[in-house]
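Peer 1: quick one, fold the following:
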Amino acid sequence: MSTATPTPPTQSEDTPGEGRAARWALRILMGVAAASSLVWVGAILFASTGTARPDDFLGDRRFFDAAEPVCDRARDDLEDLPRPEDTVRPEERLDVIRRSTDRLEEMVEELRPLVPDNQDGKAISLWLDHWGIHLDDRRDFMSRVERRGTDERFLETTLDGGQISSSINRFADVNEMPSCGTPGDV
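Peer 2: Sure, this is the predicted structure:
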């Protein structure tokens, strides 16, 4: 009498439900991966079309269209001045900074009547108020230099952990007013 040794089941002998479940799980996993990829591709395409704007981009463009020429004229006037670092004597440097600060102050005063009376106007008024703080910082610097000498540093008011000029410049850049940022001359 011969005894037959049992052989282990082969893959083809699996129960019919196990193979089908594995195939469905693989299909579901592939579908989730494809959907996730489409979401990322869509997000990248949407962001690259320029339709996604930062939160402080304002939709009412009337102010910005009117403001850019005002700022551009002020920038032209500042470019006619010597650069403060190119002056020889401290008094000359202070005179250039004083003249540029006066011109920037005039620019801000020219911009104020252009502010619309709407929600965007509130953000623009705050931005102009930040300009006022920056101009006060410039005047404080000049006063300290006059009293104590040329070793004084320009100290700027901070806002949200950064210099107020960074806030001014970001708002100008986001709202497509490149001439309306701070000149960085102090």
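
Peer 1: which SSE is immediately downstream of the helix or strand of the chain with the lowest mean pLDDT?
Peer 2: Sorting the helices and strands of the chain by mean pLDDT, DSSP states H and E puts helix 16-48 at the bottom, at a mean of 65. Next along the chain after helix 16-48, taking DSSP states H and E as the criterion, comes helix 62-80.

Peer 1: quick check: buried residues in that next one?
Peer 2: Using 16 or more other CB atoms under 10 Å as the test for burial, helix 62-80 gives 63, 64, 67, 68, 70, 71, 74, 75, 78. Just so you know, the C-beta spots here come from the backbone N, C-alpha and C atoms, and that holds for glycine as well.

Peer 1: look at the fourth one and report its pLDDT.
Peer 2: Okay, so that is residue 68. pLDDT, residue 68: 94.

Peer 1: was I right to think it contacts residue 177?
Peer 2: Yes: with contact defined as CB atoms under 8 Å, residue 68 reaches residue 177; the gap is 5.1 Å.

Peer 1: any figure for the gap between the residue lying closest to residue 114 once chain neighbours are set aside and residue 182?
Peer 2: Excluding its sequence neighbours, the residue lying closest to residue 114 (CB to CB, 6 or more residues apart in numbering) is residue 66, at 4.8 Å. Note on residue 66: its distance to residue 182, by CB to CB, to the nearest Å, is 20 Å.

Peer 1: any weak-confidence spans in this protein?
Peer 2: In the predicted model, the chain carries pLDDT under 70 at residues 1-18, 31, 33-55.

Peer 1: ok, 50 please
Peer 2: 8-9, 12, 46-51 (pLDDT under 50).

Peer 1: next up, the contacts around residue 57.
Peer 2: 174, 175 (CB atoms under 8 Å, 6 or more residues apart in numbering).

Peer 1: what's the helix or strand for the most centrally placed residue in the chain?
Peer 2: Central residue of the chain (CA atoms, centre = their mean): residue 170, 4.7 Å from the mean position. Here residue 170 sits within helix 164-174, counting by DSSP H and E.

Peer 1: next, the buried residues of that helix.
Peer 2: 164, 165, 166, 167, 168, 169, 171, 172.

Peer 1: ok, now stretch 79-95?
Peer 2: 81, 87, 93, 94, 95.
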